[in-house]
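Colleague: here is my input; please provide its structure:
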Amino acid sequence: MAVLPKKDVVIIGYGAGAGPVSTELALAGYDVVVLERGPYRTTAEDFAKGALDTLRWNTRGEFLPPLQDVPLTFRTDLNQEAVPTNYIMANTVGGASVHWSGQSWRFYVEDFRVKTTLEQLYGPEKLEYLREDGANIQDWPISYEDVEPYYEKVEYYIGVGGWPGNIQGQIRPVNPDDGNPYEAPRQRDYPFRPLRDNATDLTFREGALKLGLKPFHVPTAITTEPWTSGYGVQRAACTYCTFCTSFGCWNGSKSSSLVALLPVAEATGNFEIRPNSHVLRINHTGDRAVSVEYIDLVTGEVHIQPGEIFILGAYTFQNVRLLLYSGITSNGLVGKYFINRAGPSVSAIFEDRYLNGYNGPAVQRQGVDDFNGENNAEEKLQLPDDQFFVRGAFIGSPSQRTPLETYNAVPPDVPRWGAEYKRYLSDNLNRYIGLQLLAEPIPYETSYIDLDPNYTDRFGVPAARVQRQVKQNEIRMARYIFEKGKAILEAAGAAKVWGRDTPVASATMTHDCGGLRMGHDPSMSVTNRYCQMWQVPNIFVTGGALFPTMSGHNPTETIWMLSFWLADAIKDNKVNIYNSEDFRS
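Modeller: Got it, this is the predicted structure:
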């Protein structure tokens, strides 16, 4: 077992969470090493030559790790034995930012203070059902005003395009009906425009406008013109090839830590990334991490990597699992308050038009936020008590309907095989639309991640076990959002609409957050406002695991934002790596 030379910064995993902080610290002169368990795939060698292959990347999931290496189990009840479930996030340098869709949002102002917002809007009596269900909702220890400059940095240094809905308080300053009127105020416009609309988008928009809603094209982290980032990284414009979500971008148009940040870090000369490096544990003495133990998956050799600062940059499940296996529990809070989405589904076919959903990326998309967050609080207050819910959902119109991704999107009265099934696909495959309904989840005492005593990986480390339950709020929200989505498609002229109005709990659905939440109070949170662990002050956390609450929007831009925020905290000495309670606001 080789003990390697000590590094200033040791980062475990390289995805969205690790990208900004590793780049910024390397630029600032820190000696940085990243241990990534996946291989180092590149745009030129792997995606440009093999990206347009649905079987390879989507159906067979070449990005995904073997189950025996990264096991995950799931249960919905404490009395159940958890069963293995699929792990659906990328095992590669760049992580899930390589194969994500590119839908990129800032959170609302109120998303950072959900607890306070709900109490002010509804009062304790209206929220009693949440307490009965064991909800544990806390405000973030940071405000939107604190982090707005870091959102802007994501957009200009990593690359996000869109139509602004609110510049310095001026609503929709560019063109009517282009931007999202509900978005939080930004200081300046996006650096480029979003993807163009297609027939699917325009059909959704038609239905939304007929209902008096406020549709807009979603912001997208995909370059729509030749563009140079704030770091000087040159990127090509999207070619609308369709092979986007679940794929690596063949020409680097989709923003990721791999294409937008890694070249900058590597050019510093004091940054090293070691692919195929599977971290087994963090070695610590008292409240001080001293090294990590990892195995080289190619040679089988075990190494010890000492460091001064350690940053968790893997996905939610692996960050939690690593801490628990290393004996770092934060008084039982590590793994608590896991949150992921459980919502309804709505689909339709149109007999009077072709939608050709296969002719562009998934985030070539219109949407509405009229039912997201507390934007419709007055309407919800008119609901009967047994239908009332808090928070909400974004509703949008995804594209990327390739045949192997759409063949099973059929109404319940159509068989899944035989002549009738073939006729249905022939007649309707290009007339289909399925909505995205991003229902916001609530953190509960009974939703968490721990170690499974019955399953281990091939190295003997226990699997991450997820317990996730659906409670009253999700059930009520799903029924409400289902009806709103259905109404939009019917107003647009759908010939047939179907779906599911009941939410189903799952272990993972790509927006898996919580488990290492940040906060003001060490008795209620795992990290302080600068992502620094209370228990072990020289360990910092990145990624969605930090989130105290979720949003009705995708988490990736907020993950990147928090990573830039963390980088500045370290560079500007706002944190003391020997005392997590000694920090500057």
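
Colleague: pLDDT (mean, whole number) over stretch 407-419?
Modeller: Computed over stretch 407-419, the mean pLDDT rounds to 93.

Colleague: mind listing what's buried in that stretch?
Modeller: 409, 410 (16 or more other Cβ atoms under 10 Å). C-betas here are computed from N, CA, C, even on glycine.

Colleague: check the offset of that stretch from the chain's centre.
Modeller: 31 Å (Cα atoms, centre = their mean, to the nearest Å).

Colleague: identify the residues contacting that stretch?
Modeller: 347, 349, 401, 420, 421, 424, 425, 429, 432, 434, 496, 498 (Cβ atoms under 8 Å, 6 or more residues apart in numbering).

Colleague: what lies in contact with the helix or strand of the chain with the lowest mean pLDDT?
Modeller: In the chain, no helix or strand scores lower on mean pLDDT, DSSP states H and E than helix 403-406, which sits at a mean of 81. With contacts defined as Cβ under 8 Å, 6+ apart, helix 403-406 is touched by 54, 55, 58, 59, 357, 358, 429, 432.

Colleague: the last one touches residue 355, doesn't it?
Modeller: Looking back up the chat, that one is residue 432. Yes - using Cβ atoms under 8 Å, residue 432 is in contact with residue 355, at 6.7 Å.

Colleague: what touches both of the two?
Modeller: Going by Cβ under 8 Å, 6+ apart, residues that sit against residue 432 and also against residue 355 are residue 401.

Colleague: between the two, which is the more surrounded one?
Modeller: residue 355 (25 against 20; other Cβ atoms under 10 Å).

Colleague: residues in contact with that one?
Modeller: Residue 355 neighbours (Cβ under 8 Å, 6+ apart): 199, 200, 203, 401, 430, 431, 432, 433.

Colleague: ok, residue 514 next?
Modeller: 316, 336, 337, 338, 339, 443, 447, 544, 545, 547, 548, 550.

Colleague: try it again at 6 Å.
Modeller: Counting by Cβ atoms under 6 Å, 6 or more residues apart in numbering, residue 514 touches 337, 338, 339, 443, 547.

Colleague: do residue 447 as well
Modeller: 338, 468.

Colleague: show me where pLDDT drops low in the protein?
Modeller: 173-177 (pLDDT under 70).

Colleague: can you tell me which helix in it is longest?
Modeller: The longest helix of the chain (DSSP state H) is helix 472-491.

Colleague: quick one: that helix to chain centroid distance?
Modeller: On Cα atoms, centre = their mean, the centre of helix 472-491 falls 22 Å from that of its chain.

Colleague: now stretch 79-88
Modeller: 21 Å.

Colleague: gap between the two ends of that stretch?
Modeller: 26 Å (Cα to Cα, to the nearest Å).

Colleague: which positions within it qualify as buried?
Modeller: Neighbour-count burial for stretch 79-88 [16+ other Cβ under 10 Å]: 82, 85, 87, 88.

Colleague: looking at it, residue 189 is touching residue 164, isn't it?
Modeller: Yes - using Cβ atoms under 6 Å, residue 189 is in contact with residue 164, at 5.1 Å.

Colleague: between those two, which one's more packed in?
Modeller: Set residue 189 next to residue 164 and count neighbours by other Cβ under 10 Å: residue 164 wins out with 21 against 15.

Colleague: what residues sit buried inside the least confident helix or strand of the chain?
Modeller: Taking 16+ other Cβ under 10 Å as the criterion, helix 403-406 shows 405, 406 as buried.

Colleague: and that helix, how far out from the chain's middle?
Modeller: 23 Å.

Colleague: just the CA atoms of that helix, as PDB, please.
Modeller: Provided in PDB are the C-alpha atoms of helix 403-406 (Å, rounded to 0.1, in the frame of the first residue of the first chain):
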ATOM      1  CA  PRO A 403     -37.600   5.500 -31.400                       C
ATOM      2  CA  LEU A 404     -35.800   3.500 -28.700                       C
ATOM      3  CA  GLU A 405     -36.800   6.100 -26.100                       C
ATOM      4  CA  THR A 406     -40.400   6.400 -27.200                       C
END
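
Colleague: can you list the buried residues in the helix or strand just after that helix?
Modeller: Per DSSP states H and E, the first helix or strand lying C-terminal to helix 403-406 is helix 418-428. For helix 418-428, burial by neighbour count (16+ other Cβ under 10 Å) applies to 424, 425, 428.

Colleague: count the residues that sit near the closest residue to residue 27 other than its chain neighbours.
Modeller: Nearest non-adjacent residue to residue 27, counting by Cβ to Cβ, 6 or more residues apart in numbering: residue 268, 5.9 Å away. Close neighbours of residue 268, defined as other Cβ under 10 Å, add up to 16.

Colleague: about what we covered before: which of the contacts of residue 514 fall within strands?
Modeller: Per DSSP state E, strands hold the following members of the contacts of residue 514: 337, 338, 339.

Colleague: would you confirm that the second one contacts residue 450?
Modeller: No - at 9.8 Å, residue 338 does not count as touching residue 450 under the criterion of Cβ under 6 Å.

Colleague: which of the two has more residues huddled nearby?
Modeller: Using other Cβ under 10 Å as the criterion, residue 338 and residue 450 rank with residue 338 on top: 27 against 22.

Colleague: need the contact list for that one.
Modeller: Here residue 338 is in contact with 447, 448, 449, 514, 515 (Cβ under 6 Å, 6+ apart).

Colleague: tell me the one of the residues you listed nearest residue 70?
Modeller: residue 449 (13.5 Å; Cβ to Cβ).

Colleague: wait, a strand at the closest one?
Modeller: Yes - remark: residue 449 belongs to a strand, assigned using DSSP: H, G, I helix; E, B strand; the rest coil.

Colleague: how much space separates it from residue 515?
Modeller: For residue 449, the distance to residue 515 equals 5 Å [Cβ to Cβ, to the nearest Å].

Colleague: ok, these two, which is more surrounded?
Modeller: residue 515 (33 against 28).

Colleague: verify the stated contact: that one with residue 450.
Modeller: No - between residue 515 and residue 450 there is no contact under Cβ under 6 Å: 9.8 Å.

Colleague: what's the overlap in contacts for these two?
Modeller: residue 335.

Colleague: strands along the stretch 451-585 of the chain, start to end?
Modeller: For the stretch 451-585 of the chain, strands defined by DSSP state E, counting those that start in this stretch occupy the ranges 462-467, 496-500, 513-515, 539-541.

Colleague: name the surrounding residues that touch the last one.
Modeller: Translated: strand 539-541. With Cβ under 6 Å, 6+ apart, strand 539-541 has contacts from 289, 310, 311, 312, 516, 527, 531, 532, 533, 566.
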